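K.L.:
sharing a model that was predicted from the sequence below.
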Amino acid sequence: MAQNLSSPHYVYILRCSDQSFYVAVCEDFHHCLALHNQGIGSHYTCHRLPVSLAMVEGPFSLKEAVKRENQLKSWSQQKKIRHIERNERVCRQLRQQILAFGEAVAAVGGPPDPNAIYSAQELRCMLSFIRFDVEADLACARHRAPIGASRRR
């Protein structure tokens, strides 16, 4: 698949049926996962089906993504497992923080889909937008005059 240099890229790790890992770069990891499970992805994964998405990192520029891919590929199996487990904990904590904002979450389109895959960076971004919206709403509420009251200048 041709890579668009200007679009965001992701580094993804697939867990194969033999418990090995496959690391690659793409623009749409959902599409790549589907291709891998159809046996179309790579020679390595087509002999280790089914594969599942263990984690995703990004978004990155293509250059950053390739650099990160090479770094992850150089890691041992155990180091990859620890990294994936740590990432799962971080993502779980970020989702809980996002959900803790209750009504503010609904105001920005609802909580993240619990079945969707987000990188920790994307969840942090969601959380920062939610925090910004909540803080902006609180600031507006503090400066808003009660209904029917006139403001003196």
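P.N.:
Okay, I see it. Bear in mind the structure is a predicted one, so any value in this text is a computation, not a measurement.
K.L.:
what's the domain layout of the chain?
P.N.:
Residue ranges for the domains of the chain, per automatic domain parsing: 1-74, 76-144.
K.L.:
mind telling me which of those domains the model trusts least?
P.N.:
Sorting those by mean pLDDT places domain 76-144 lowest, at a mean of 69.
K.L.:
helices of the protein, start to end?
P.N.:
29-37, 43-46, 62-74, 77-99, 103-107, 120-143 (DSSP state H).
K.L.:
how about a markdown table for the ones you listed, with distance to Ser52 and mean neighbour count added?
P.N.:
For glycine as for every other residue, the C-beta is placed from the backbone atoms N, C-alpha and C. Shown next, in a markdown table, are the helices of the chain (distance: least, C-beta to C-beta, whole Å; neighbours: other C-beta atoms under 10 Å):
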| stretch | distance to Ser52 | mean neighbour count |
| --- | --- | --- |
| helix 29-37 | 8 | 18 |
| helix 43-46 | 11 | 14 |
| helix 62-74 | 17 | 15 |
| helix 77-99 | 11 | 14 |
| helix 103-107 | 28 | 13 |
| helix 120-143 | 18 | 14 |
